[in-house]
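Q: Below is the structure, and that's it, no one-letter string:
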């Protein structure tokens, strides 16, 4: 009974994060030129890499979202989710520390798009917690089936 | 444990390859697709060249030398900015946040915060294209005056310069300023 509750909780987290990632990626895929500006504004990448990152990161979010929803390769999906989210957290904090008043580019690219802030960091920390939860639940299971 | 690490690495590579292939194909087919490497314009700031990417897919305008002898898009020092200011026919654009503009700005300057401009570039459509435009921000570490000048040039404004010394150097030089919402 107890494990059933954990299963449902994990399923719920996977759906929420999965759909959130797909939702976040669609706007960036439709308007890569806007997302490229967001990537550039963080001022961490050389100009030569800005566009390629703006093109590929949303598709990585789609890949993570789809695998989470479908429940395939969950340990890998959760691993990539954690890496990507840690990257986002570091980027947002570095922008805040450097005093950059820029659009986060986290979930939307609309005119009212949210600026980088500690609230955005908190959201990403929650997502990271979800990612870790899924990752560690699937790690021992994989181990027992592969060993 | 080794096996699980190997599994994750292998699957990550497969997912990564899928992402690269689908991402590149989609970008290639999409009407909004962007070049894999951003085009950029090189500007000289304080004697050092800086690359400013061009995102608007429009051709940058030809940089003709003007009556004041400095070709756009380039940096104005305080003396040149003062010259533009006194000659007339020049509009100064304050690219800082509106609160900074209210606290004090170059006399006659209008406020177009760079963050707002990025969200909606059409807000500059009303500007008279016949005027010379000089963008400025705080000076020092501030980058938005350069970015704004390059973007404006991309949008077809031919006579654009950036005053990199900006607000700080203008105040130091004791040149005309205004406080409040009036230009």
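A: That came through fine. Remember, it's a predicted structure, so these values are computed and weren't measured experimentally.
Q: Now do the contacts for residue 79.
A: In the absence of a named chain, this looks at chain A. A:135, B:8, B:12 (CB atoms under 8 Å, 6 or more residues apart in numbering or on different chains). Every residue, glycine included, has its C-beta placed from N, CA and C.
Q: Also residue A:133?
A: A:10, A:13.
Q: tell me which element it is part of?
A: helix A:118-146 (DSSP states H and E).
Q: next one: residue B:84
A: Assigned by DSSP H and E, residue B:84 falls in helix B:78-87.
Q: before we move on, what about residue B:40?
A: Here residue B:40, judged by DSSP H and E, is contained in strand B:39-45.
Q: again, but for residue B:91
A: Using DSSP H and E, residue B:91 falls in strand B:90-94.
Q: I'd like to know how many residues surround residue 131.
A: Picking chain A for this. The local packing of residue A:131 (other CB atoms under 10 Å in any protein chain shown) involves 25 other residues.
Q: not quite, I wanted chain B
A: Residue B:131 has 13 nearby residues by other CB under 10 Å.
Q: OK, contacts around the closest residue to it other than its chain neighbours?
A: Distance criterion CB to CB, 6 or more residues apart in numbering or on different chains; nearest residue to residue B:131, sequence neighbours excluded, is residue B:91 at 4.9 Å. Residue B:91 sits next to B:108, B:109, B:110, B:127, B:128, B:131, B:132, B:133, B:134 when contact means CB under 8 Å, 6+ apart.
Q: what about 10 Å?
A: B:84, B:108-110, B:127-128, B:131-135, B:159, B:183 (CB atoms under 10 Å, 6 or more residues apart in numbering or on different chains).
Q: Could you save the residues you listed as a markdown table and add columns showing pLDDT and secondary structure?
A: What follows is the contacts of residue B:91, written out as a markdown table (pLDDT from 0 to 100; DSSP: H, G, I helix; E, B strand; the rest coil):
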| residue | pLDDT | secondary structure |
| --- | --- | --- |
| B:84 | 89 | helix |
| B:108 | 93 | coil |
| B:109 | 94 | coil |
| B:110 | 94 | strand |
| B:127 | 87 | coil |
| B:128 | 85 | coil |
| B:131 | 86 | coil |
| B:132 | 90 | strand |
| B:133 | 93 | strand |
| B:134 | 95 | strand |
| B:135 | 95 | strand |
| B:159 | 88 | coil |
| B:183 | 82 | coil |
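Q: Quick check: of those, which lies closest to residue B:101?
A: For the contacts of residue B:91, the residue nearest residue B:101 by CB to CB is residue B:109; the value is 7.7 Å.
Q: so what pLDDT did the residue nearest to the closest one when sequence neighbours are not counted get?
A: Nearest residue to residue B:109 in three dimensions, chain neighbours excluded: residue B:92, at 3.7 Å (CB to CB, 6+ apart). Note on residue B:92: pLDDT of 95.
Q: same check, this time on residue B:158
A: 85.
Q: just residue A:75 next, same as before
A: 94.
Q: wait, doesn't it sit right on residue B:9?
A: No: Residue A:75 is beyond contact range of residue B:9, at 11.1 Å (criterion: CB atoms under 10 Å).
Q: neighbour count winner among those two?
A: residue A:75 (21 against 12).
Q: quick one on the thing from earlier: quick one: distance of the strand holding residue B:40 to the chain centre.
A: Relative to the chain's own centre, strand B:39-45 is displaced by 10 Å; criterion: CA atoms, centre = their mean, to the nearest Å.
Q: likewise stretch A:80-98?
A: With CA atoms, centre = their mean, you get 10 Å for stretch A:80-98.
Q: buried stuff in it?
A: The neighbour-count check on stretch A:80-98 (16 or more other CB atoms under 10 Å in any protein chain shown) flags A:80, A:81, A:82, A:84, A:85, A:88, A:89, A:91, A:92, A:95, A:96 as buried.
Q: pLDDT score assigned to the residue sitting nearest the centre point of chain B?
A: Central residue of chain B (CA atoms, centre = their mean): residue B:147, 1.4 Å from the mean position. For residue B:147, the pLDDT comes out at 89.
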